[in-house]
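Trainee: Sequence first, predicted coordinates after that:
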Amino acid sequence: MYPPAQTLEGKPRQRRAGGGATGTWPQLEDKLLFLLIFQKTNPLQTMHGLPFQLSPPQTNYWIHPLLPVLPRAFAALGMAPERDASRVATNPLALEGAPAMAIDGTERRRQRPTNAAQQREQYSGKKKTHTAKNLLLVTEHPDKGIDLGPTVAGKKHAKKAAEEEAIAYPTHATLDKDTGFQGYAPAGVVTHQPQKTPGPGGERGGQGPQSSHLQRTRDRRQCDCRGETVSHCPSCLTSDHRGHLGSRDGDCVRLAQSPRELSSPVPRI
């Protein structure tokens, strides 16, 4: 993290590295856990330092020197995601395994801006709060991150952010996406998007299934009324008695229009 002949502040050491009092964290695993908690949850520094027996000033002190360690470690291991979308096609992680990829957007909450224009720009209608958004491209076999897009305002749609990033995909790549990327189809890439399951209303744009009881009731409208269909019966087309059915007694009984009316007694006119 820093030259061994210097202290953390950049001053020359008065004793060898590792000398002096034993620190609060003798193990590197504790520092890694401290850093991962900060990256994952971003808690208040009071709560962040509590499990490690650190005060808020000590917590703030350790965040700054440890924060650059993680991306440097990923880069040294060759697992750092690409930050330049134009180099995704030649990235070793993208070329490893099958060219099956998946793209999705991730949002994280941020502090509410005080400026009204910035509030509208950072407000995410999906999350109902102010967020910052990033696009993440991963390979499915093996499951590794390839590209991490730039941070954009939470208001920006995922499809628009993907089009502006202009990712260069490898040859013969397949891309899984969700409905947030509806219409996003890069050239030379086969995209797959799940379809919404039809709800109780049936197929999209069509009419839902009807109950057999209600269907039989509607079919009664086509029955004969004194030798004529209901739609042509003069006694059944009065303004306040539409949909009547002639009875044997010559009276006209009202035809129930809904299951609720079917349960009520039929009045005689």
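Mentor: Looks like it came in fine. Numbers count the residues shown, from 1 in each chain.

Trainee: Could you list the buried residues of stretch 76-91?
Mentor: Buried positions in stretch 76-91, judged by neighbour count with 16 or more other CB atoms under 10 Å: 80-82, 85, 88, 91. (Glycine included, C-beta is placed from N, CA and C.)

Trainee: where's the nearest residue to residue 25 once chain neighbours are set aside, which helix or strand?
Mentor: Of all residues not flanking residue 25 in the chain, residue 31 sits nearest, at 5.4 Å (CB to CB, 6 or more residues apart in numbering). Element membership of residue 31 [criterion: DSSP states H and E] is helix 28-41.

Trainee: Which elements pack onto the helix or strand following that helix?
Mentor: Of the helices and strands lying after helix 28-41 in sequence (DSSP H and E), the nearest is helix 45-49. Helix 45-49 sits against helix 28-41, helix 56-66, with contacts defined as 3 or more CB pairs under 8 Å, 6 or more residues apart in numbering; DSSP states H and E.

Trainee: where in the stretch 101-250 of the chain is pLDDT low?
Mentor: For the stretch 101-250 of the chain, residues meeting the criterion pLDDT under 70 lie at 198-250.

Trainee: Swap in 50 and give it another go.
Mentor: 221-250 (pLDDT under 50).

Trainee: Let me see the ranges of the strands in it.
Mentor: Assigned by DSSP state E, counting those that start in this stretch, the stretch 101-250 of the chain shows strands spanning 123-124, 129-140, 143-148, 152-153, 174-176, 190-192, 224-225, 228-229, 244-246.

Trainee: got the CA coordinates for the second one in CSV?
Mentor: Output for strand 129-140, consisting of C-alpha atoms alone and laid out as CSV, is shown next (Å, rounded to 0.1, in the frame of the first residue of the first chain):
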residue,chain,number,x,y,z
THR,A,129,-35.7,6.9,-3.7
HIS,A,130,-32.6,8.8,-4.8
THR,A,131,-30.1,6.4,-6.2
ALA,A,132,-26.9,6.0,-8.3
LYS,A,133,-27.0,3.4,-11.1
ASN,A,134,-24.4,1.2,-12.7
LEU,A,135,-24.6,-1.5,-15.5
LEU,A,136,-22.9,-4.8,-14.9
LEU,A,137,-22.1,-7.3,-17.6
VAL,A,138,-21.2,-10.8,-16.5
THR,A,139,-20.4,-14.1,-18.1
GLU,A,140,-22.6,-17.1,-17.3
